[in-house]
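S.K.: Quick one: sequence plus predicted model below, questions after.
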Amino acid sequence: MKIADVIEGALASLPQLPLHNREGAAAQMKAFIPLMERFGCRDAANALRRFVGIPTEPSATETRPIELVGILSPDIEGYRRLMRDEYKAAFEEAETLSTTAWGYFSAWRGDTTRASNAHAVVFLSKCVQACQATLLLGERGLELEAAAVLREAYEYLFVGAAILQAPSIVQRLIRESEREHGKQAAKLHKPDDGEPIVDEQYLERLRTLAEGEVKGSGLSVYAAAEAVNMTGIYDGVYRTLSRMGTHATATTLLHGSGRDGNVYGGPARKHLAQLLEWTSDCLKLALAHAKDVGKQKSKDNGR
């Protein structure tokens, strides 16, 4: 039996229902209009539109399937629900960890005793927020984009944990930022491909930055991971995420085309299970360091 026959049969039975049941059934079936359009059941879709009192001419979004417009298609909500159902346990674990960790940081934001704790909370809470973004992207099939954001979450984790362990690392972080700013200023001050692209007042500030010398060592992401004995995670997870979704590399080609050479797009879930596992791992580590912040705060309050 064709799907159109099933839908049209269901529509034919609607007028026979009591009014209150009929309205409820119609409201539920209204959600299937985009699916009907996707499967070519235009007559059935228009029949349902007429029954529930909406225009029979389909809207622009309802006739734009994922294959044509990507994740901006309204059909992506169906995909999201499917992923949520298929990977239910993994999503629930990550969300539970996220909620718990976010609760810690929300309670301490603006209420930390030592500056180092405040700095650590900033980075660790950003770690949790990036993990939340990873879940939102992953459930919609944006797994490479999810990988890029999860890499960011691990970066926040390394730096936040390092600051918590050795507060002096903040100064190295500042020096690294100043050094990178100086490099950018030098290029903007004397661009390789033409005239400066900033006004004279800002150009003067850039000259000062470009000519300045930042003394002392900065802080790389690897150095932060090394400071907290997370180089294994850096090499195993962080580097993998970098190759997956952060940079335009040959790996990108593996995710953007098939063996037949055709380019494809739309939602993907090949690595979703792994990304969800790494998201939970990151949140567990962030939560462990959140508890460390709490212990330090309790000690400071007891003094």
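M.R.: Arrived safely, thanks for sending. Residues are numbered from 1 along each chain as shown.
S.K.: Going by C-alpha atoms from here, please, whenever you check contacts or count neighbours.
M.R.: Noted.
S.K.: end to end, how far does stretch 105-123 reach?
M.R.: 10 Å (C-alpha to C-alpha, to the nearest Å).
S.K.: and that stretch, average pLDDT?
M.R.: The pLDDT scores in stretch 105-123 average 71.
S.K.: before we move on, what about stretch 287-303?
M.R.: Mean predicted lDDT for stretch 287-303 stands at 65.
S.K.: could you list every residue that touches residue 284?
M.R.: By C-alpha atoms under 8 Å, 6 or more residues apart in numbering, the contact set of residue 284 is residue 97.
S.K.: quick check, it in a strand?
M.R.: No - checked against DSSP: H, G, I helix; E, B strand; the rest coil, residue 284 lies outside a strand; its state is helix.
S.K.: and the end-to-end length of stretch 226-233?
M.R.: Its start and end residues considered, stretch 226-233 measures 10 Å (C-alpha to C-alpha).
S.K.: quick one: buried residues of it?
M.R.: Buried residues in stretch 226-233, counted by 16 or more other C-alpha atoms under 10 Å: 226, 227, 228, 230, 231, 233.
S.K.: Of those residues, which is the nearest to residue 143?
M.R.: residue 233 (19.8 Å; C-alpha to C-alpha).
S.K.: follow-up on the earlier one: of the buried residues of stretch 226-233, which is the nearest to residue 135?
M.R.: Using C-alpha to C-alpha, these come closest to residue 135 at residue 233, 19.9 Å.
S.K.: if we can go back for a sec, a markdown table for the buried residues of stretch 226-233, including pLDDT?
M.R.: Below are the buried residues of stretch 226-233 laid out as a markdown table (pLDDT from 0 to 100):
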| residue | pLDDT |
| --- | --- |
| 226 | 93 |
| 227 | 91 |
| 228 | 92 |
| 230 | 96 |
| 231 | 95 |
| 233 | 96 |
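S.K.: Let me have those residues in TSV, adding secondary structure and distance to residue 276 as columns.
M.R.: Shown next, in TSV, are the buried residues of stretch 226-233 (DSSP: H, G, I helix; E, B strand; the rest coil; distance: C-alpha to C-alpha, whole Å):
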residue	secondary structure	distance to residue 276
226	helix	24
227	helix	26
228	coil	23
230	coil	19
231	helix	21
233	helix	16
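S.K.: and which of those is nearest to residue 151?
M.R.: Among these, residue 233 lies closest to residue 151 (C-alpha to C-alpha), at 11.0 Å.
S.K.: re earlier: pick out the most distant pair among the buried residues of stretch 226-233.
M.R.: So, the buried residues of stretch 226-233 by C-alpha to C-alpha: farthest apart are 227 and 233, at 12.6 Å.
S.K.: burial measure for residue 277, as a count.
M.R.: 15 (other C-alpha atoms under 10 Å).
S.K.: shouldn't it be in contact with residue 92?
M.R.: No - applying C-alpha atoms under 8 Å as the test, residue 277 and residue 92 come out as separate, 11.3 Å apart.
S.K.: Give me the distance between residue 119 and residue 95.
M.R.: In this structure, residue 119 lies at 24 Å from residue 95, with C-alpha to C-alpha as the measure.
S.K.: where in the protein is pLDDT low?
M.R.: Under the criterion pLDDT under 70, the flagged ranges of the chain are 1-33, 35-64, 108-116, 180-218, 255-265, 292-303.
S.K.: Show me where the stretch 1-150 of the chain has its helices.
M.R.: Ranges of helices within the stretch 1-150 of the chain are 3-13, 19-30, 33-38, 42-52, 66-69, 76-86, 88-108, 115-138, 143-165, based on DSSP state H, counting those that start in this stretch.
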